[in-house]
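sharing a model that was predicted from the sequence below.
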Amino acid sequence: MPALLILCSGAGAQNATDTVSYKRLVKFPLLSIRYFNYSNSEFTASESKGDVYMEEFNTTFQFAFPIKKKKTYLINRVNLNRLSYRVEIDDEINKEAFYAFGYTFGLTQVLKNRWRLVATVTPTLASDFKNEISSEDLIVQSAAILSKRSSPFFEYGFGAAFSTRFGRELLVPVLSLTYKNERWGTFMFLPAYISQYYHFDQSRVGFSLSTYGNVYNYTPDIKGDYELDKLGYSRINIGPEFRTRLWKDVHINVSTGITVRNRLESINGRGTREFDISTKEKFYFKVELNILK
């Protein structure tokens, strides 16, 4: 959910002509460390059956500093991601690990009447890094969203995102919504994330749906007459979440639930799928540490 948080966390910034100051709806996630574990599951590919086990590890560090106080802010975010899997098929085991190193830079511009414009660009190197880095490792994502703080409890926005993250060029509309009163909170950043929480003391409990996908440059160590060039990965996680404060600004978030539409795709240089490993619904577990400011 980093994209949602970085867009919403500037909610406290407002135009100097606004006479009423609204409290920020969400805290700024300075540092986030996430670990996802996916249970072993069966799949069928090319008339063969097998088992696959996957893990994700993600670290995000982000900060923003004012170019013009209460008016213009520069956004910076560094993201490191590791995806690993183990596939067992026809009594053969294949293990792979893939990495993504991304840097986001962008601008938040406060406008009149509590409107705000946020624009970001994220170049990312995504690969197994078995060979030298090249342009084949590069993927790009950019987004622009215009949001309105319409009340002390509510903010909405709309815009568009361009991405090559799923192995092809995509331009998709983006909608955001944040609602938070003393107890209830609703957060949406469509099509990537939606959640509903109940807050109490220094904790919250709720339910969320999140999507993630990436494409990695691939140099496989497998036998056979294959021309594999890219690995595509995607999933949708659905389940309950619980977050509580451990100490000062340090929070822990624990989630479990069901992963659906979980897919690994091996693609050759012509863009044709060589393997398509689509698993059935399976359980996932996530633990996340955050420093929130």
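All right, it came through fine.

what about the stretch 151-293 of the chain, any weak spots by pLDDT?
166-167, 220-228, 268-274 (pLDDT under 70).

strands of that one, residue ranges please.
Assigned by DSSP state E, counting those that start in this stretch, the stretch 151-293 of the chain shows strands spanning 154-163, 170-180, 184-190, 193-200, 203-217, 228-247, 250-268, 273-278, 282-292.

how about JSON lines for these, with mean neighbour count and distance to Arg86 added?
(Glycine included, C-beta is placed from N, CA and C.) Below are those laid out as JSON lines (neighbours: other C-beta atoms under 10 Å; distance: least, C-beta to C-beta, whole Å):
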{"stretch": "strand 154-163", "mean neighbour count": "17", "distance to Arg86": "28"}
{"stretch": "strand 170-180", "mean neighbour count": "16", "distance to Arg86": "29"}
{"stretch": "strand 184-190", "mean neighbour count": "18", "distance to Arg86": "32"}
{"stretch": "strand 193-200", "mean neighbour count": "16", "distance to Arg86": "28"}
{"stretch": "strand 203-217", "mean neighbour count": "18", "distance to Arg86": "16"}
{"stretch": "strand 228-247", "mean neighbour count": "17", "distance to Arg86": "14"}
{"stretch": "strand 250-268", "mean neighbour count": "17", "distance to Arg86": "11"}
{"stretch": "strand 273-278", "mean neighbour count": "16", "distance to Arg86": "12"}
{"stretch": "strand 282-292", "mean neighbour count": "17", "distance to Arg86": "14"}
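
what's the closest of those strands to Val140?
The closest of the strands of the stretch 151-293 of the chain to Val140 is strand 154-163. By C-beta to C-beta, the value is 7.3 Å.

who's in contact with that closest one?
Defining contact as C-beta atoms under 8 Å, 6 or more residues apart in numbering, one finds that strand 154-163 is touched by 7-8, 11, 25, 139-150, 169-179.

how about TSV for the strands of the stretch 151-293 of the chain, with distance to Phe129 added?
Below are those laid out as TSV (distance: least, C-beta to C-beta, whole Å):
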stretch	distance to Phe129
strand 154-163	21
strand 170-180	25
strand 184-190	30
strand 193-200	28
strand 203-217	8
strand 228-247	13
strand 250-268	17
strand 273-278	21
strand 282-292	25
